[in-house]
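Asks: Need coordinates for the following:
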Amino acid sequence: MIAAQQGTLRPLDGFLVLDFSQFLAGPVAALRLADLGARVIKIERPVIGDIGRGLAFAGARAGADTVSFHAMNRGKQSVAADLKNPDDLAFVRRLVEQADVVVENFRPGVMKRLGLDYDTIRAENPGVVYGSITGYGDDGPWRDRPGQDLLAQSIAGLPWLQADPEPRPVGIAIADHLASCHLAHGITALLLRRLRTGVGGQVQTSLLEAMLDLQFEMLSVRLTEPDAVATRRPRGPHSAHAHLPAPYGVYPTADGYLSIAMNPVPELGALLQIPELVALTDPDSWWDQRSRIETLIADRLRTDSTESWLTVLDAADIWCAPLHTVDELVEHDGFRAIDMVQTLDRAESDGARTTVTTTRLPFRVDGERLWGSGAAPVLGEDTERVRDELAPAREPVGRSIS
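Replies: You can find the predicted model right below:
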């Protein structure tokens, strides 16, 4: 461990994390540790750096890097090191000997070839907590497939679950983000065990495991009662879930969309003044007549605005919500009230200033929100500082001759 930072202590103040990972799942796991107070040193290739510096979500850039890189790597330091160069590798190994945590997300076998795998590091640093994310685990027929979010969603069957009527993946990197949460969770659990017992350890997860865990409800039913999901039930024109009955779905209104969750169809029919729905008192009919029910609801909701229908449905405690566009979301008082936004500023290599507005860690500790400790680093900006502080070159050992 290193000396705790000045000011208000955060839960992981004093812990040193080496982040070898790239792009999303691994860097975001390390980001969560940084937001909790750990000192995170990002090990990057010279010149190129983390591939996330150049892979731009929505094509957006800020200064020398992508906006998404800034968001995923705030509060970290950057060390540029060529792990194929013996001197740089020796420098990194001196850092590893002091690290509390190592994070990596290479394909299986890469870190072992570099001599930076868990077993090798543990021999020099028995208390290390070593966190790894792969695409599909260390064994099995998918082991060496590219570990990318859309591909992991597809192998795990998520687009099939979303089919409407064609398979449709989730439009954000859900496998990466959930895997990052699981890795950060496992790392903090092992740090707690180390504080109690002195024993470090290794935590491993994968994009595939994150996707399977996300679908635990559906998989549990399939594994327990296969006939229940052996064939996906036909969805109605507005269904939001293949395995839930009407009225669960998203419906057009006169000026937008309204989402309606699990509610008794007759009660909803009475509120919306749809006599055909009031008569559907048998819950089995909410499955069997899903398309008809959804069409009747949609036709009725199109006659008035989203806000007008919310007034009616909220008063009756019907589970419903407006469907926001991203612009409507960020301009809403509810978005401002939850206070998720922070603005970070950094100096570029040429002296220019870059400002990025992003989100914060999505929970509070002792009632306090945890804001980032700084912006994302410029590639290699901390190399010499870290070398001088934590890993000065060792003098060659030899015998004196007199």
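Asks: Going by C-alpha atoms from here, please, whenever you check contacts or count neighbours.
Replies: Noted.
Asks: what sits against residue 385?
Replies: By CA atoms under 8 Å, 6 or more residues apart in numbering, the contact set of residue 385 is empty.
Asks: after the helix or strand bottoming out on mean pLDDT in the chain comes which helix or strand?
Replies: Here the helix or strand of the chain ranked lowest by mean pLDDT, DSSP states H and E is helix 158-161, holding a mean of 90. Downstream of helix 158-161, the first helix or strand assigned by DSSP states H and E is helix 174-197.
Asks: Give me the sheet partners of the helix or strand just after that next one and which way each runs.
Replies: Per DSSP H and E, the first helix or strand lying C-terminal to helix 174-197 is strand 201-206. Applying DSSP bridges, strand 201-206 is found paired with strand 129-134 (parallel).
Asks: Residues contacting the strand it pairs with, please?
Replies: For strand 129-134, the surrounding residues in contact (CA under 8 Å, 6+ apart) are 25-26, 100-108, 118, 147, 179, 183, 186-187, 190-191, 200-207.
Asks: Let's see that with 6 Å instead.
Replies: Residues from elsewhere that reach strand 129-134 (CA atoms under 6 Å, 6 or more residues apart in numbering): 101-105, 107, 200-206.
Asks: ok, and the most crowded of these?
Replies: Greatest neighbour count in the contacts of strand 129-134, by other CA atoms under 10 Å, goes to residue 101: 28 neighbours.
Asks: Now do the same contact list for that one.
Replies: Contacts for residue 101 (CA under 6 Å, 6+ apart) come out as 17, 128, 129, 130.
Asks: now do 8 Å
Replies: 15, 16, 17, 18, 128, 129, 130, 131, 187.
Asks: do the same with residue 349
Replies: Residue 349 touches residue 378, counting by CA under 8 Å, 6+ apart.
Asks: Is it correct that it falls within a strand?
Replies: No: with DSSP: H, G, I helix; E, B strand; the rest coil as the criterion, residue 349 is coil rather than part of a strand.
Asks: Tell me how far it lies from residue 384.
Replies: 15 Å (CA to CA, to the nearest Å).
Asks: Dump stretch 67-86 to PDB, restricted to CA.
Replies: Only the C-alpha atoms of stretch 67-86 are listed here, as PDB (Å, rounded to 0.1, in the frame of the first residue of the first chain):
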ATOM      1  CA  VAL A  67     -14.600  11.500 -25.100                       C
ATOM      2  CA  SER A  68     -15.200   7.900 -24.100                       C
ATOM      3  CA  PHE A  69     -11.500   7.500 -23.100                       C
ATOM      4  CA  HIS A  70     -11.700  10.600 -20.900                       C
ATOM      5  CA  ALA A  71     -14.800   9.200 -19.200                       C
ATOM      6  CA  MET A  72     -13.300   5.700 -18.600                       C
ATOM      7  CA  ASN A  73      -9.900   6.800 -17.400                       C
ATOM      8  CA  ARG A  74     -10.500   9.900 -15.200                       C
ATOM      9  CA  GLY A  75      -8.400  10.100 -12.000                       C
ATOM     10  CA  LYS A  76      -5.600   7.700 -13.300                       C
ATOM     11  CA  GLN A  77      -1.900   8.200 -14.100                       C
ATOM     12  CA  SER A  78      -0.400   7.100 -17.300                       C
ATOM     13  CA  VAL A  79       3.000   5.300 -17.700                       C
ATOM     14  CA  ALA A  80       4.200   4.500 -21.200                       C
ATOM     15  CA  ALA A  81       6.100   1.200 -21.300                       C
ATOM     16  CA  ASP A  82       6.900  -1.200 -24.200                       C
ATOM     17  CA  LEU A  83       6.500  -4.600 -22.500                       C
ATOM     18  CA  LYS A  84       8.600  -6.100 -25.300                       C
ATOM     19  CA  ASN A  85      11.500  -4.000 -24.300                       C
ATOM     20  CA  PRO A  86      13.600  -5.600 -21.500                       C
END
